[in-house]
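Enquirer: Attaching a predicted model along with its sequence, questions to come.
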Amino acid sequence: MRPARRLLLATVLALMPLHAMPALAQPSGSVTATLDPARIETLPAFIDGVMAQQIASREVSGALVTVVHQGEVVMSRGYGFADVENRVPVDGQSTLFRPGSISKMFTWVALMQLVEQGRVSLDDDVNAHIDFEIEPFNGEPITVRDLLQHTPGMSDVGGFTTTDPQALIDHAEWTRTHVPARVRAPGEEVAYSNWGTSLAGYIVEQVSGEHFADYVEAHIFQPLGMTSSTFREPLPQALADRIALGHDLENGRFTARTFDYYSMVMPAGSATVSGPDMARFMMAMLNDGALGEARILSAESVALLESNSITNAPRLPGMAHGYLVYREEGPRLIGHAGAMRDFRSNMILSPETQTGVFLSIVAAPAGRPAQGELSAAITGRLFPQEPSPRWTEQAEAGNFEGRYLVNRRDYSTEPHPLMHAVVRAVGDNALTIEAIGQTLYFEQIGPGLFEQATGLREGGPFDQVEFYGSGEDLRLSFASQPFMNWHYAGPLEGGEDDSEADE
């Protein structure tokens, strides 16, 4: 980490209010991270090999991988087909992909521009900047800071996508008319909120007087030369023919799917981008907000976005401001992922080594894990880890058995079975966790702390899960998912030894 960046980050952390800084693992500014040049030089060939494997075995129809390092573009390569039926290959320079919730990072940059101008404060009640009223929860209002760290304390809300362009309504109207229920005090717990980010974009629009799509184009895309990026739907005619198509796999062959519209939550997920454009954005964010003569944020604002805000689990990475914290050291990694019906994307930044990766994969439903696998392969290749020492001082695994319910959900409906995590002990110091349609095996590395032990490449990364709280307030969090957690919901159904417990 450069001395100037380290000083800025320390200053920002010192100025943050104490209520925003619970017991956190702090950024590793004092640790000098290095990146073996050979790992960067051989990365394109390595990614070529991983993608060949995924296209052959993971129902991936197309993909884009863009890597930057120390102000230069290492690669922006396309894989597979943008249009399988017409055999149009993905072009790493021109084919457009949809980054999903990575779109949120443009929204946070826009919001921080207004903070820099003194027109918005992070500790403002959001009601100060909107033309409708959000009632406080037990007297506590939602602040702008709560939006950045996903702590508004609200129910999740859906119903914002469509395949019919005639069914679209402007994001501002959708945000005003779909206010979620309040379920907990703001600032108390991280529970990912698309609506909260949509509200942040609403604030940008209200304060600036510009439509959100216009604002981002004028103040972020155009200054950085991101000429192939937009939040608009339907896509502008100049871009429409360049988009990678989503595909289903039917009877052994790919068939194109219709375009999904997300602009009812425009600030939370409707961006469309190219690889070179994402390279320019990553290089600007890794260079304290500047690219060449253009500057979209001050160095102080970039440092604040990178700094820790709140974490659900005491010993695992949590939220920065807008960014997710993927790793605290070795080096510290931040970024954001995005999931749409057709596109699975990730952006991983290492400010200490000035390295950034953007990837986006189009896959049939069975191939959706490919994004996580590719992200892990690249991370493990660039920044390898060793497994943690195992801990067997006390038999604890049985203490954590049970069913857990995710905190990011629509509280007005009965939870879907996939919203549960089922924990089963495997001996004294290991357990399996069945969650989000997969079962993973973890071994204990400390009191209440476990590390994934199967299905991993050499060099990791090694996901961890922490159990914290006690009694009926027991909770679990994954290091890979700092944006939500699971609350204890009861014992295993059918008995502790029933490996087919009914969900």
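Expert: That came through, no problem.
Enquirer: How about the contacts made by A421?
Expert: R403, Y404, L405, V406, I433, E434, A435, L476, W486 (Cβ atoms under 8 Å, 6 or more residues apart in numbering). Placement of C-beta: from N, CA and C, glycine included.
Enquirer: Turn the residues you listed into CSV, including secondary structure.
Expert: Shown next, in CSV, are the contacts of A421 (DSSP: H, G, I helix; E, B strand; the rest coil):
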residue, secondary structure
R403, strand
Y404, strand
L405, strand
V406, strand
I433, strand
E434, strand
A435, strand
L476, strand
W486, strand
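Enquirer: Would you verify that G460 is located in a strand?
Expert: No. According to three-state DSSP, G460 belongs to no strand; its state is coil.
Enquirer: closest to F442 among the contacts of A421?
Expert: I433 (6.5 Å; Cβ to Cβ).
Enquirer: how close does that closest one sit to E451?
Expert: In this view, I433 and E451 are 12 Å apart by Cβ to Cβ, to the nearest Å.
Enquirer: before we move on, what about Y202?
Expert: From Y202 to E451 the distance is 41 Å (Cβ to Cβ).
Enquirer: who's more crowded, the two?
Expert: Using other Cβ atoms under 10 Å, the more surrounded residue of Y202 and E451 is Y202, with 24 against 21.
Enquirer: Return the list of helices and strands in contact with the helix or strand encompassing the more buried one.
Expert: Per DSSP states H and E: Y202 is located in helix 194-208. With contacts defined as 3 or more Cβ pairs under 8 Å, 6 or more residues apart in numbering; DSSP states H and E, helix 194-208 has these neighbours: helix 103-116, helix 144-148, helix 171-177, helix 212-216, helix 266-269.
Enquirer: In that helix, which residues are buried?
Expert: In terms of neighbour count (16 or more other Cβ atoms under 10 Å), helix 194-208 has its buried residues at 194-205, 207-208.
Enquirer: List just the nearest of these to L114.
Expert: Nearest to L114 among those, with distances taken as Cβ to Cβ, is V207, at 5.4 Å.
Enquirer: and the gap between the closest one and A435?
Expert: For V207 relative to A435 (Cβ to Cβ), the value is 39 Å.
Enquirer: just the angle between the helix holding Y202 and helix 103-116, please?
Expert: Relative orientation of helix 194-208 versus helix 103-116 (axes from the mean of the first three to the mean of the last three Cα atoms, to 10 degrees): 40 degrees.
Enquirer: To what extent is W391 buried, counted in neighbours?
Expert: 16.
Enquirer: correct me, but it touches Q444?
Expert: Yes. Taking Cβ atoms under 8 Å as the definition, W391 is a contact partner of Q444 at 4.9 Å.
Enquirer: what residues are shared contacts of these two?
Expert: With Cβ under 8 Å, 6+ apart as the test, W391 and Q444 both reach N429.
Enquirer: And V426, how far from G490?
Expert: Plainly put, V426 is 20 Å away from G490 if you go by Cβ to Cβ.
Enquirer: Could you do P234 as well?
Expert: 46 Å.
Enquirer: Show me what the host helix or strand of F442 is packed up against.
Expert: Here F442, judged by DSSP H and E, is contained in strand 438-446. With contacts taken as 3+ Cβ pairs under 8 Å, 6+ apart, strand 438-446 sits against strand 430-435, strand 449-452, strand 464-468.
Enquirer: what residues does it touch?
Expert: 315, 369, 388-392, 396-397, 426, 429-433, 450-455, 463-465.
Enquirer: That one pairs with which strands, parallel or anti?
Expert: strand 430-435 (antiparallel), strand 449-452 (antiparallel) (DSSP bridges).
Enquirer: Now that strand: buried residues?
Expert: Buried residues in strand 438-446 (16+ other Cβ under 10 Å): L440, F442, E443, Q444, I445, G446.
Enquirer: Stretch 359-375 now?
Expert: The neighbour-count check on stretch 359-375 (16+ other Cβ under 10 Å) flags 359-364, 367-368, 370-371, 373-375 as buried.
Enquirer: Check the model's average confidence along that stretch for me.
Expert: For stretch 359-375, mean pLDDT rounds to 91.
Enquirer: got a list of contacts for it?
Expert: The set of residues external to stretch 359-375 that reach it, using Cβ under 8 Å, 6+ apart, is 47, 50-51, 54, 58-66, 80, 97-99, 244-249, 254, 337-339, 342-346, 348, 357, 378, 438.
Enquirer: Alright, that wraps it up for me.
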